[in-house]
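Trainee: coordinates for the following, if possible.
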Amino acid sequence: MIGAGVFAAFGPAARAAGNGLILGLAVAALVAYCNATSSAQLAALHPESGGTYAYGRKRLGGFWGFLAGWGFVVGKLASCAAMAMTFGSYASPAYARPLAVGAVVGLTAVNYLGVKKTALLTKIIVSIVLMALAVVVAA
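Mentor: I've put the predicted structure just below:
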């Protein structure tokens with residue numbers, strides 16, 4: 001997954017970290033790796049639907065599983081909002097919020113049409129993002 005952070009976070013991170021940016025990126029990469037591998041291990045141990053909720057329930061009990069599940073949902077909602085705002089800010093800073101709302105509504109409509117349409121759109125979006133990153137790196 002290529003998230004909005006690639007486009008939105010490097011400028012503020014570079015201003016805040018200065019020469020420590022590379023070290024900060026290395027720490028972030030390590031944290032992301034630990035998160036991904038622990039999630040993969042939990043999925044292998046508990047191959048059932050429910051993700052974070054199922055893992056938390058099995059390991060910590062019902063209440064903590066419930067909190068873990070809702071924490072995951074709230075985090076994903078915040079992530080989606082950040083990605084939509086990043087899109088809006090890049091597309092037209094003066095209309096960032098309406099464009100962000102439009103993006104959310106549009107993507108929700110595509111999701112409603114089914115997983116095949118969503119997968120096709122995902123391929124298109126990832127291709128555009130990779131091309132944009134390639135242009136930036138080449139420049």
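
Trainee: and what about Arg15, helix, strand or coil?
Mentor: When classified by DSSP: H, G, I helix; E, B strand; the rest coil, Arg15 comes out as helix.

Trainee: count of neighbours near it?
Mentor: Applying other C-beta atoms under 10 Å, we find 9 residues neighbouring Arg15. Heads up, the C-betas are built off the backbone N, CA and C, glycines and all.

Trainee: how close does it sit to Gly24?
Mentor: To Gly24, Arg15 is 12 Å away according to C-beta to C-beta, to the nearest Å.

Trainee: again, but for Phe10
Mentor: According to C-beta to C-beta, Phe10 and Gly24 sit 10 Å apart.

Trainee: phi first, then psi, for Ser50.
Mentor: You called it Ser, but residue 50 is Gly. Gly50 has phi and psi values of phi 120, psi -20 when expressed as degrees, to the nearest 10.

Trainee: just Ser49 next, same as before
Mentor: The phi/psi pair for Ser49 (degrees, to the nearest 10) is phi -70, psi 150.

Trainee: remind me, longest helix of this protein?
Mentor: When the chain is parsed with DSSP state H, its longest helix is helix 62-91.

Trainee: can you pull the buried residues of the helix or strand following that helix?
Mentor: Next helix or strand after helix 62-91 toward the C-terminus (DSSP states H and E): helix 96-113. If you call a residue buried by 16 or more other C-beta atoms under 10 Å, then helix 96-113 has these buried ones: Ala96, Leu99, Ala100, Ala103, Val104, Leu107.

Trainee: now the helix or strand following helix 96-113, how far from the centre of its chain.
Mentor: Counting by DSSP H and E, the element after helix 96-113 in chain order, helix or strand, is helix 115-138. Helix 115-138 sits 14 Å away from the centroid of its parent chain (C-alpha atoms, centre = their mean, to the nearest Å).

Trainee: helix 115-138 - contacts with which helices or strands?
Mentor: In terms of contacts (3 or more C-beta pairs under 8 Å, 6 or more residues apart in numbering; DSSP states H and E), helix 115-138 is packed against helix 96-113.
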